[in-house]
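Participant: coords below, sequence missing:
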């Protein structure tokens, strides 16, 4: 992908590194970042050579929130007409939780507004020591989006979520870690290397099993235990009959690395999760 575009993609072995690329504006969100993330995530989701995805920012910020250069009309311009606006109005149509591979948000600096809600859609979040995270919507008369009213309480508990969303407090990385908003904090200069190491570990697992587990985790947010158990059972039975299951057990017994052959974008039936 064009390295001058607002979103870039680089490949490191089986890992796709997706970067927000407006460093001179602290990666402030605009229409081009939104559409660029859409296109990039669809691309890596369908790429059989990719087994894990990292989303991070270029420069010293992850994302400083919406580009407010549109002034008071920032959140209304472009909603009712087709235009290349600078607002946050265009919600991405393909989100990290829809990618067939695990997605890691590597929060490399300030993550405010949509820069805080977008990582909630990722499977795993890690941050650098200098990261600052803030759901500041209420402080500018707006409302948190991307399902954050549902996701954030599940991650940090209702009381913490209420404090973060209603008060718009900006927290540091260690506070985010203690709340469970991120799973690890690393020195700034080690964040990407740690993200790659984590992604490499995820790449070692069976891609179809990982994709099925991801689907079940996200579906489970809206299901009871009984409903999830009913959904899991046929998925478990289907996975157990696949070539990668045979390969995984055989490789374990033979004490060798497995050779996975299946591709989740092609081989995992969507109807299993209906």
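Facilitator: Sure thing, it's come through. Remember, predicted model here, so these are calculated numbers, not experimental data.
Participant: let me know the secondary structure of the residue lying closest to residue 46 once chain neighbours are set aside.
Facilitator: In this structure, residue 46 finds its nearest non-sequential neighbour in residue 265, 5.3 Å apart by Cβ to Cβ, 6 or more residues apart in numbering. In short, each C-beta sits where N, CA and C put it, glycine included. On the three-state scheme (DSSP: H, G, I helix; E, B strand; the rest coil), residue 265 is labelled helix.
Participant: mind checking pLDDT for residue 265?
Facilitator: Confidence at residue 265, expressed as pLDDT, is 90.
Participant: likewise for residue 69?
Facilitator: We note a pLDDT of 71 for residue 69 in this prediction.
Participant: how many residues are close by it?
Facilitator: Other residues near residue 69 come to 11 when the count uses other Cβ atoms under 10 Å.
Participant: look up how far residue 211 lies from it.
Facilitator: According to Cβ to Cβ, to the nearest Å, residue 69 and residue 211 sit 39 Å apart.
Participant: ok, residue 169 next?
Facilitator: According to Cβ to Cβ, residue 169 and residue 211 sit 36 Å apart.
Participant: the two: which is more packed in?
Facilitator: Ranked by neighbour count (other Cβ under 10 Å), residue 169 and residue 211 place residue 211 first, with 22 against 14.
Participant: correct me if wrong: the more buried one contacts residue 100.
Facilitator: Yes: taking Cβ atoms under 8 Å as the definition, residue 211 is a contact partner of residue 100 at 4.8 Å.
Participant: list the residues that contact both of these two?
Facilitator: Counting by Cβ atoms under 8 Å, 6 or more residues apart in numbering, the contacts common to residue 211 and residue 100 are 264, 268.
Participant: most centrally placed residue in this protein?
Facilitator: residue 122 (2.2 Å; Cα atoms, centre = their mean).
Participant: right, and that residue touches residue 99 too?
Facilitator: No: judged on Cβ under 8 Å, residue 122 makes no contact with residue 99 at a distance of 9.1 Å.
Participant: follow-up on the earlier one: distance of the residue nearest to residue 46 from residue 109?
Facilitator: As defined by Cβ to Cβ, residue 265 lies at a distance of 32 Å from residue 109.
Participant: which of the two has more neighbours?
Facilitator: Using other Cβ under 10 Å, the more surrounded residue of residue 265 and residue 109 is residue 109, with 23 against 16.
Participant: please name the nearest non-neighbouring residue to the more buried one.
Facilitator: Once flanking residues are discounted, residue 109 sits nearest to residue 61: 4.2 Å by Cβ to Cβ, 6+ apart.
Participant: any idea how far the one you found lies from residue 127?
Facilitator: The gap separating residue 61 from residue 127 is 12 Å, by Cβ to Cβ.
Participant: so who does residue 171 touch?
Facilitator: Each residue near residue 171 by Cβ under 8 Å, 6+ apart is listed here: 132-134, 164, 179, 181.
Participant: so what strands line up beside the helix or strand encompassing it?
Facilitator: Secondary structure from DSSP states H and E places residue 171 in strand 170-172. Counting by DSSP bridges, the strands paired with strand 170-172 are strand 132-134 (antiparallel).
Participant: need the next SSE after the partner strand, C-terminal direction.
Facilitator: For strand 132-134, the following helix or strand on the C-terminal side (DSSP H and E) is helix 148-156.
Participant: average model confidence for that next one?
Facilitator: So the average pLDDT for helix 148-156 ends up being 97.
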